[in-house]
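> Model the following, please.
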Amino acid sequence: MARRETRNAGVLGDLQRLSVTMEANKEELPQLEPFRVKLGVIVTQSLDVSKQQATFTASKQEASKQLRRLLTDGQRVADVIRTVVRDHFGPREEKITEFGVQPFRGRKVKTPTVTPTTPPAPAGSAAPVKLDQ
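The predicted model follows:
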């Protein structure tokens, strides 16, 4: 028993082979003539749709490339616009946030960290030293 195809290309190839076989044996199987004709129409339509699908795939890839190119160009123009807006209004003005630019609000002052000034224990001394009173 033949294994049943599951992929579209495999199914289409199987149908094409069967259609060719039916065409070659149409005199021997006259009772299957309506099915042979119907199979022939289905195979022809399937080939047309398969070609159309390949065309759409190629055009989809081209459209994707064009979209990427347009988005890159758009980002470049947006960068120029934001730079001009920052220059026009000033880097500290809150107005530039409307254009997606973060205003310069000054540097945050770092608080000085206090380090303990206790001297380190002498090397080799593990136990605390007792002082006599």
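> pLDDT averaged over the helix or strand encompassing residue 52 - what is it?
Using DSSP states H and E, residue 52 sits in helix 33-89. Helix 33-89 shows a mean pLDDT of 93.
> The residue lying closest to residue 33 once chain neighbours are set aside: neighbouring residues, count only.
Closest residue in space to residue 33, ignoring its immediate chain neighbours: residue 26 at 6.6 Å, by C-beta to C-beta, 6 or more residues apart in numbering. Backbone N, C-alpha and C define where each C-beta goes, glycine included. A count of neighbours around residue 26, defined by other C-beta atoms under 10 Å, yields 13.
> Can you tell me the SS state at residue 26?
Per DSSP: H, G, I helix; E, B strand; the rest coil, the secondary structure class of residue 26 is coil.
> Could you measure from it over to residue 114?
99 Å (C-beta to C-beta, to the nearest Å).
> How about residue 4?
From residue 4 to residue 114 the distance is 79 Å (C-beta to C-beta).
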